[in-house]
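Participant: Fold the following for me, if possible:
(chains A and B)
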Amino acid sequence: MRARDDLLADRERRLLRSLHAGGPGYYALLGVLGALVAWGVIGYGVQLRYGLGVTGLRDNVMWGVYITNFIFFIGVSHVGALMSAILRITGAEWRRPITRMAEAITFASLLMGALMPLVDMGRPDRLLNLVAHGRLQSPILWDILSITTYLTGSTLFLYVPMIPDIALLRDRFAAGPPWRRRLYTVLALGWRGTEVQRRHLEAVMGILAILIIPIAVSVHTVVSWILAMTLRAGWNSTIFGPYFVSGALFSGAAAVVTAMAAFRWAYHLEDYITEAHFRRMGYLVIALGLIYGYFTFNEYWVPAFKMAAHERGYLTAVFSGRFAPLFWFTQVGGLLLPVALLTVPRLALVERLGRVPLLRPAPALAATAAAVGLVVVAAPGSPVAALPDVGALRPLIPWLLGTAGSWLFLALLPVCRARPIATATAASVLVNVGAWWKRYVIIVPTLQHPFLPIQRAPAGWATYTPTWVEWSITSAALAGFVLIYLLFSKLFPIVSLWETREAPPEASGGGEVAHALAR
Amino acid sequence: MALTRRSFLKALAAGAAALTAGPLTRWRRGRPVPALVARPGGGHALARLEAVPSGGGVALAYAAEPPAPEPGGAPGRRWVMVIDLARCDGCRECTRACQAMHVVPAGQEWIRVYELQDHEAGAPYWFPRPCMQCDNPPCVKVCPVSATWKREDGIVMQDTSRCIGCRFCMAACPYQARSFNWVDPDVPGMPDEPYSMEWNRVHRRGTTEKCIFCPALVAEGRLPACAAACPMGAIYFGDQQEDAVTNSQGETVRFSELVQGQGGYRFLEELGTEPRVYYLPPRRRLYPAPVPAAAAEDQR
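Facilitator: Reported below is the predicted structural model:
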């Protein structure tokens, strides 16, 4: 074993090069992210100075974008438990090059997610009241306990399997400033790769892998209970726990696909992350998407069938009212389309589609552009919209867009088939954009339709529109997430060296992946 | 503090007499304060006494000092409110009295008068909604820091000096009875006094507030501000243990007879929150109904 540790294969040298080589693109990205974070800090300063009144939140809709961010980030963080624990226990060997990526997502998004309730607090100066006067009866205390436990556990889960790599960096990595060496020396905990140390490492990983799964499930369950423990129509649901956990895993798996594509492209990890990894992660995303879709269907169809008095308000608002565009975007763009993009191009039939002249990309693109142009022209306020017959056409708009969209989808299928990695990446980005808006659509319409009708609200208090402060802090949180992730990948190898080295082809669960790895 | 029903009513009468006798007020720091001036015979029951010269005399709004904090509430009491919807004409004197009494910040109405219509065939009616002081309070269950709690006398109390501003109580309340101070409360006439949660007149940014049944007035043997101000006598207040409730007209009736005899109900009973506010249905009303179109539009 020692002998192998001393050798760095060429591809490993290339992997380590990403630790110090930073091109202009890297510094530009760093600058943009830093600026976004700084802008968000300014926004928060304004909020601290003038109070939460600078947000769009008011007495009726008292939770909004911040709680959306909270649920979104905590949800994304679940992928660490999925990748590292579940796949480890079930012996899915193909996971090896991407577990650290997944664990780092967990770490970064948990930090951002845990920050959001603080940003949402009216009196952050009284934070310690939660310790001095905390009541275990409140779901907020459950959240604090489970999230801090999960943060501790997943940080360990990220760190412990990194120790052999850190020791390798301590011994072999000469570039960079001296503080790096000191950091590696401290963090390596005197790892020498002895048989005893390896046994201990395996034992700790085994215990953590088992422990982290119930903790992760509990985290998103109690996050969902923040909503489900109230009486409000739309939140008062018994399936919110599994509904949120499945949504969390779905968005987390998609986030890993996005990260895989980004690092593969930026750090040239084609040796480690192959098309087969995208295919297998795609299977996971499909499966989790179907489970999440099943829960979503239950959550909306069961009350929609009954149309009970109190449920009617938010249901009509999301199906056909103010929130309908957002809701249908999350369902079609954030669930149906990504799953279709990951499945349909693999059908053999797609090869033949390309031979149909009308299904070439050019005519389909033209038709879609025409449809979108028509919609823009017919939008209320344009001069054409004033013509008498245009108004009558407006009900046709969803059909028009649907037809053009389906046409485009069919025409682009052969392209998707030819470029599976790009397709999987596009699908995963769609999943995450849809996941954010879905959380928004779960929170806001319910608050907009309380038991008592909203009356006598001062001007602007009846509906919720997020302000620049909320958007600034939201983009700062996203930028902060990417920033933490980026800096992490500059400090530590984003692909585990010793774990990818240890995967023997014959023991591997996935033949073609192991083959690709052994290449 | 051991008030009997007799002494409670006596005190009520004495208070009313004192109020009619000399409408003079002086605050400790010499600031004019809004005060209750209950005039028998209806009319506006509340006035701001800014014009009154501050040259000594009796404080009319509250006693000179806030009562000693009683987190457990008045022993042996079960405060209860009955609102007769047949008598409510939507004048919103209750809201105004409350706002003056507690110097309520802009945008908040701790007792809000809604226009409701139960179904299309029904007539619209006015619906004053104070805090329901639930016996199974959803807000208390979710508060992470005990900033709101249930007292033994039935009042759901709120301490804004402990509230962390998470607004979970507002999300949990099915009656929209809680308000949040989104900015620094800028209320003309907000007294420069130390915070007393029973007076509840000093407000701070980033905290949640609501109706608390005016415990300081009740401790003096007087009606809550809204009940005292209602010119129609639609709001009854009293002690369920004594089985007696009183309105601004000085009518004192048996709580049980009132609720049982006139079909009393509690709002959203099906949610199981066990409110301490009862409503008498709006039948044989003494006033014109609100405009149906407005109510229908608002309900939408």
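Participant: Show me what from the stretch 51-200 of chain B comes close to chain A.
Facilitator: Neighbours of chain A within the stretch 51-200 of chain B, by CB under 8 Å from any CB of the partner chain: B:106-109, B:112-116, B:129, B:138, B:141-147, B:162-168, B:170-172, B:174-176, B:178-184. Placement of C-beta: from N, CA and C, glycine included.
Participant: so what's the closest residue to chain B within chain A closest to, chain neighbours aside?
Facilitator: At 1.9 Å from chain B, A:G122 is the closest residue in chain A, using CB to the nearest CB. In space, and not counting its chain neighbours, A:G122 is closest to B:G165: 1.9 Å by CB to CB, 6 or more residues apart in numbering or on different chains.
Participant: Now do the contacts for the one you found.
Facilitator: Residues in contact with B:G165 (CB atoms under 8 Å, 6 or more residues apart in numbering or on different chains) are A:52, A:121-123, A:126, B:180, B:206-208.
Participant: Could you dump those into TSV and include distance to A:V32 and secondary structure?
Facilitator: As requested, these are exported to TSV (distance: CB to CB, whole Å; DSSP: H, G, I helix; E, B strand; the rest coil):
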residue	distance to A:V32	secondary structure
A:L52	28	helix
A:M121	29	coil
A:G122	32	coil
A:R123	33	coil
A:R126	35	helix
B:F180	35	strand
B:G206	33	coil
B:T207	38	coil
B:T208	38	strand
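Participant: With respect to A:R180, which of these is nearest?
Facilitator: A:M121 (37.0 Å; CB to CB).
Participant: Skip the chain neighbours and tell me the closest residue to that closest one.
Facilitator: With sequence-adjacent residues excluded and distances taken as CB to CB, 6+ apart, A:M121 is closest to B:G165, at 5.2 Å.
Participant: helix/strand/coil for the one you found?
Facilitator: coil (DSSP: H, G, I helix; E, B strand; the rest coil).
Participant: Tell me how far it lies from B:F180.
Facilitator: B:G165 sits 7 Å away from B:F180, going by CB to CB, to the nearest Å.
Participant: Let me know the secondary structure of A:H277.
Facilitator: A:H277 - assigned by three-state DSSP - is helix.
Participant: That one against A:A259, yeah?
Facilitator: No: shown here, A:H277 and A:A259 do not form a contact pair, counting by CB atoms under 8 Å, at 11.5 Å.
Participant: What strand or helix carries B:C88?
Facilitator: Under the criterion DSSP states H and E, no helix or strand holds B:C88.
Participant: State the pLDDT value of the residue of the stretch 51-200 of chain B found nearest chain A.
Facilitator: Nearest residue of the stretch 51-200 of chain B to chain A (CB to the nearest CB) works out as B:G165 at 1.9 Å. You'll see B:G165 listed with a pLDDT of 96.
Participant: what's the burial count for B:P275?
Facilitator: If you count neighbours by other CB atoms under 10 Å in any protein chain shown, B:P275 ends up with 25.
Participant: Name the nearest residue to it, sequence neighbours excluded.
Facilitator: B:M132 (3.5 Å).
Participant: thinking again about what came up before, who touches both of B:G165 and B:F180?
Facilitator: Shared contacts of B:G165 and B:F180 (CB under 8 Å, 6+ apart): A:52, A:122, B:207-208.
Participant: tell me which parts of the stretch 301-450 of chain A are close to chain B?
Facilitator: Residues of the stretch 301-450 of chain A lying near chain B (CB under 8 Å from any CB): A:447, A:450.
Participant: now swap in the stretch 151-300 of chain A and tell me
Facilitator: A:226-227, A:229-232.
Participant: what's the most distant pair in the residues you listed?
Facilitator: Within those, A:I226 and A:L231 form the most distant pair, 13.5 Å apart (CB to CB).
Participant: So these two - more neighbours on which side?
Facilitator: Between A:I226 and A:L231, counted using other CB under 10 Å, A:I226 has the larger neighbour count: 26 against 18.
Participant: Which positions within the strand or helix carrying the more buried one qualify as buried?
Facilitator: Here A:I226, judged by DSSP H and E, is contained in helix A:195-228. By neighbour count on 16 or more other CB atoms under 10 Å in any protein chain shown, the buried set for helix A:195-228 is A:197, A:201, A:205, A:208-209, A:211-213, A:215-228.
Participant: before we move on, what about stretch B:156-172?
Facilitator: In terms of neighbour count (16+ other CB under 10 Å), stretch B:156-172 has its buried residues at B:156-160, B:162-172.
Participant: Same check on stretch A:18-38?
Facilitator: Across stretch A:18-38, burial judged by 16+ other CB under 10 Å covers A:18-19, A:29, A:33, A:36-37.
Participant: So which of those residues are in helices?
Facilitator: Counting by DSSP state H, these place A:29, A:33, A:36-37 in helices.
Participant: more crowded one of A:H277 and A:A259?
Facilitator: Using other CB under 10 Å, the more surrounded residue of A:H277 and A:A259 is A:H277, with 26 against 22.
Participant: need the strands for the stretch 1-150 of chain A, in chain order.
Facilitator: Counting by DSSP state E, counting those that start in this stretch, the stretch 1-150 of chain A has no strands at all.
Participant: Residue ranges in it under the pLDDT threshold?
Facilitator: Applying pLDDT under 70 to the stretch 1-150 of chain A picks out residues A:1-9, A:11, A:21.
Participant: tell me what the helix or strand that A:V429 is a member of is packed against?
Facilitator: Per DSSP H and E, A:V429 falls inside helix A:420-448. Contact analysis of helix A:420-448 by 3 or more CB pairs under 8 Å, 6 or more residues apart in numbering or on different chains; DSSP states H and E lists helix A:65-76, helix A:195-228, helix A:240-267, helix A:275-306, helix A:309-319, helix A:324-328, helix A:337-343 as its packing neighbours.
Participant: Go through those helices and pick out the most buried.
Facilitator: Counting by mean count of other CB atoms under 10 Å in any protein chain shown, helix A:65-76 has the highest mean neighbour count of the helices and strands packed on helix A:420-448, with a mean of 26.
Participant: Check the offset of it from the chain's centre.
Facilitator: Mean-position distance between helix A:65-76 and its chain equals 10 Å (CA atoms, centre = their mean, to the nearest Å).
Participant: List the contacts of it.
Facilitator: Applying CB under 8 Å, 6+ apart, the external contacts of helix A:65-76 come out as A:55, A:105, A:109-110, A:112-114, A:116-117, A:119-120, A:147, A:219-220, A:223-224, A:226, A:244, A:247-248, A:251-252, A:255, A:432, A:435-436, A:439-440, A:442-443, A:466, A:470-471, A:473-474, A:477, A:481.
Participant: Recalculate using a threshold of 7 Å.
Facilitator: Outside helix A:65-76, the residues that touch it by CB atoms under 7 Å, 6 or more residues apart in numbering or on different chains are A:105, A:109, A:112-113, A:116-117, A:119-120, A:147, A:219-220, A:223, A:247-248, A:251-252, A:255, A:435-436, A:439-440, A:443, A:466, A:470, A:474, A:477.
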